[in-house]
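S.K.: Dropping a prediction and its sequence here:
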Amino acid sequence: MTDTKTSITIGGLKSALWGASLALGLMGTAVPALAEDPVLIGVIWPTQAHARVAFESKILEERVKANGDELITQYSMESAATLKNQFEAMIERGVKVIIFQAIDATAANALVDEAHAAGVKVITYDRGVTEAKVDFHISRDNFEMGTLQAQSALNAVSCGKYAIIRGDAATLAQVDMSRAYDELVKAKECIEVVYDTLTPGWDTATAQREAEAALQANPDINAFLIMWDTGAQAVVQALKSAGSEPGKVWITGSDATPPSLKYISEGWQSQTTWTPIDQMANDAADLAHDLGAGVEPRIKGVMVNGVPNAYPKLTSVTKDNLCEFINKIAPSGWINTDEVFGQGVNPCK
């Protein structure tokens, strides 16, 4: 998943955020106000390894074309140095707006300042920066994300041994999700956190090694708090190697990716949190058009530390509401029942 929303709690602005989510959903269908000349937009995704990036990239590209604009797409491959080179190259190519996900939230402040000095608008997407005032930030509420994950685990395992595998220390998504973990789980006396680590680059192989180490030291772990789905999938592999059984250990995740939904149907993964990435991608394209064309942005967002933020509604997905997610919540093309339950099997009819 705001990355910069470290000063906001769920209770404080819940009504405002939900109102913004509704407004975003309604505005997402609006006919774009096309500029006379196309807006050249640059987007830098952090990786090609995640299922959601390919899905979002396609939606964003289609919306950019529908708005009459042009798009340059790059992938930083989780490298802050690569991101810097690509970002500066886009400025030199004359883009009007850059949409990007920060690899290092602090180092990226200078990139935002550099873009603004060149008259380029900046939208941070999913991963924000620590201080620079971007023109808009589109993200899930990562504190809420961490809360949904932690609460799902606490509902299932109110007391016991927990392992926590966090994401990259340099990303604000990790910071905000960690804050929720620490407030809800680490503060509870009957929860024993027996393993707690960060994962540079949100690397799946590293997550699996950490899970294996945690299980070797504590084979009776009751729950794994994992911030992202490929990390959760890595934990499943570690549990399988350790001879565990489905449903024995509670495992959280995020993004509702097809492999994780399959694991949820089988009982291996317990929870994942869906962010409506289709809405986020369309909103990013529309905002880039409006900012680049110099017209009033059709999406207002919620002001946080002087920056307008758009937060979509999150959904915690477990085995209990898996069919509802597949049939009613997931966007077209994201998932099909064959991927989750097997060829020709559909218990969600």
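M.R.: That came in fine, so what should we check first? In this text the structure is predicted, and so the values were computed from the model without any measurement.

S.K.: Okay, and residue 213 sits in which element?
M.R.: helix 204-217 (DSSP states H and E).

S.K.: distance between that helix and the chain's centre?
M.R.: Centroid separation between helix 204-217 and its chain, computed with Cα atoms, centre = their mean, to the nearest Å, is 22 Å.

S.K.: could we number from 25 for the rest of this?
M.R.: Got it, first residue is 25 now, which makes that one helix 228-241.

S.K.: who does the following helix or strand past it touch, helix- and strand-wise?
M.R.: The helix or strand immediately downstream of helix 228-241 is strand 247-250, counting by DSSP H and E. In terms of contacts (3 or more Cβ pairs under 8 Å, 6 or more residues apart in numbering; DSSP states H and E), strand 247-250 is packed against helix 166-180, strand 184-189, helix 228-241, helix 253-265, strand 274-275. For glycine as for every other residue, the C-beta is placed from the backbone atoms N, C-alpha and C.

S.K.: Just say which of these is most tucked in.
M.R.: When you average the neighbours per residue for each of these (mean count of other Cβ atoms under 10 Å), strand 274-275 leads with a mean of 25.

S.K.: Remind me what the helix or strand following that strand packs against, helices and strands.
M.R.: Counting by DSSP H and E, the next helix or strand C-terminal to strand 274-275 is helix 282-290. With contacts defined as 3+ Cβ pairs under 8 Å, 6+ apart, the packing partners of helix 282-290 are helix 253-265, strand 296-298, helix 346-348, helix 361-365.

S.K.: Now do the contacts for residue 208.
M.R.: Going by Cβ atoms under 8 Å, 6 or more residues apart in numbering, residue 208 touches 171, 174-175, 178.

S.K.: Low-confidence bits of this protein, can you list those?
M.R.: Scanning the chain with the threshold set as pLDDT under 70 gives 25-60.

S.K.: To residue 80, which of the helices and strands packed on strand 247-250 lies closest?
M.R.: The closest of the helices and strands packed on strand 247-250 to residue 80 is helix 253-265. By Cβ to Cβ, the value is 14.6 Å.

S.K.: outside of the closest one, which residues touch it?
M.R.: Under Cβ under 8 Å, 6+ apart, the answer for helix 253-265 is 73-74, 189, 191, 223, 226, 228-229, 231-232, 235-236, 239, 248, 250, 272-273, 275-281, 283-284, 287, 292-293, 296.

S.K.: Same question for stretch 340-357.
M.R.: Stretch 340-357 is contacted from outside by 79, 172-173, 176, 280, 285, 288-289, 291, 294-298, 300-302, 339, 359, 361, 364, 371-372, using Cβ under 8 Å, 6+ apart.

S.K.: Now list the buried members of the residues you listed.
M.R.: Buried by 16 or more other Cβ atoms under 10 Å: 79, 172-173, 176, 280, 285, 288-289, 294-298, 300-302, 339, 359, 361, 364, out of the contacts of stretch 340-357.

S.K.: follow-up on the earlier one: now the helix holding residue 237 against helix 253-265, angle please.
M.R.: Helix 228-241 and helix 253-265 are oriented at 40 degrees to each other (axes from the mean of the first three to the mean of the last three Cα atoms, to 10 degrees).

S.K.: which secondary structure elements does helix 228-241 contact?
M.R.: strand 184-189, strand 215-221, strand 247-250, helix 253-265.

S.K.: For the ones you listed, please prepare a markdown table with the additional fields distance to residue 327.
M.R.: Supplementary listing: the helices and strands packed on helix 228-241 in a markdown table, determined by distance: least, Cβ to Cβ, whole Å:
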| stretch | distance to residue 327 |
| --- | --- |
| strand 184-189 | 32 |
| strand 215-221 | 34 |
| strand 247-250 | 31 |
| helix 253-265 | 31 |
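
S.K.: out of those, nearest to residue 140?
M.R.: helix 253-265 (33.9 Å).
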